[in-house]
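A.B. asks: Just to be clear, the model below is a prediction. Sequence and coordinates:
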Amino acid sequence: MGQRNMISAGVAGLLFAASCGGKADVPVPTAETVESYFQIPAASSVEILGNVAELEVDQSAEQLRRGGSLWAKVGPYVYLFSDATQRLFMEQEGLGGLRVVTRAPGGAEVARATLARATLNEITWPRALNISGRARRDGTSRPAVLEELVDWGEDHTEFEYSPDYVPSP
């Protein structure tokens, strides 16, 4: 029985690999291409690491001072769950994921989160954009919408927060 499962798994793996054969030739976008999707003056750099684009964004000292750990957490999700990211994934088939790293003035890392290309679909993208849009529009006056974005982000990304900005529970 164990050998049959191993053979079945091997065949399934070969079928999966064969079905993905055409994707191997799809080029990964350049850093300049990725940067062109994001119209943000705070973007300090974009780097391509394999098939993942890493966008580094400066976060204001004012946000971190006034908003504390909540604003430290929410930083990457504002960019990951955006029209720009959705368009980037739709138009740049060679991109496997987007990582956003937020940095405090002086360069210290505050937070990072990585969204894999296939995580969201035609049903979950509108929800993500709605949550993120409300957070951008109302976050200053209604911290609960920022918390909702953080919860959504933590459920849909791989993330890490600096203990200097977000103390462990």
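C.D. replies: Right, received. Where do you want to start?

A.B. asks: what's the nearest residue to residue 48 if we skip its chain neighbours?
C.D. replies: In space, residue 48 comes closest to residue 31 once its chain neighbours are excluded; the distance is 5.4 Å by Cβ to Cβ, 6 or more residues apart in numbering. No exception for glycine: its C-beta is placed from N, CA and C like everyone else's.

A.B. asks: give the contact list for that neighbour.
C.D. replies: Contacts for residue 31 (Cβ atoms under 8 Å, 6 or more residues apart in numbering) come out as 45, 46, 47, 48, 53.

A.B. asks: could you redo the last one with a cut-off of 6 Å?
C.D. replies: 46, 47, 48 (Cβ atoms under 6 Å, 6 or more residues apart in numbering).

A.B. asks: Can you tell me which of those residues are buried?
C.D. replies: 46, 48 (16 or more other Cβ atoms under 10 Å).

A.B. asks: Among the contacts of residue 31, which one lies nearest to residue 162?
C.D. replies: Proximity of those to residue 162 (Cβ to Cβ) peaks at residue 47, which lies at 19.2 Å.

A.B. asks: quick one: that closest one is in a strand?
C.D. replies: Yes - counting by DSSP: H, G, I helix; E, B strand; the rest coil, residue 47 is located in a strand.

A.B. asks: Which helix runs longest in the protein?
C.D. replies: helix 61-80 (DSSP state H).

A.B. asks: Low-confidence ranges, this structure, go.
C.D. replies: 1-24, 41-43 (pLDDT under 70).
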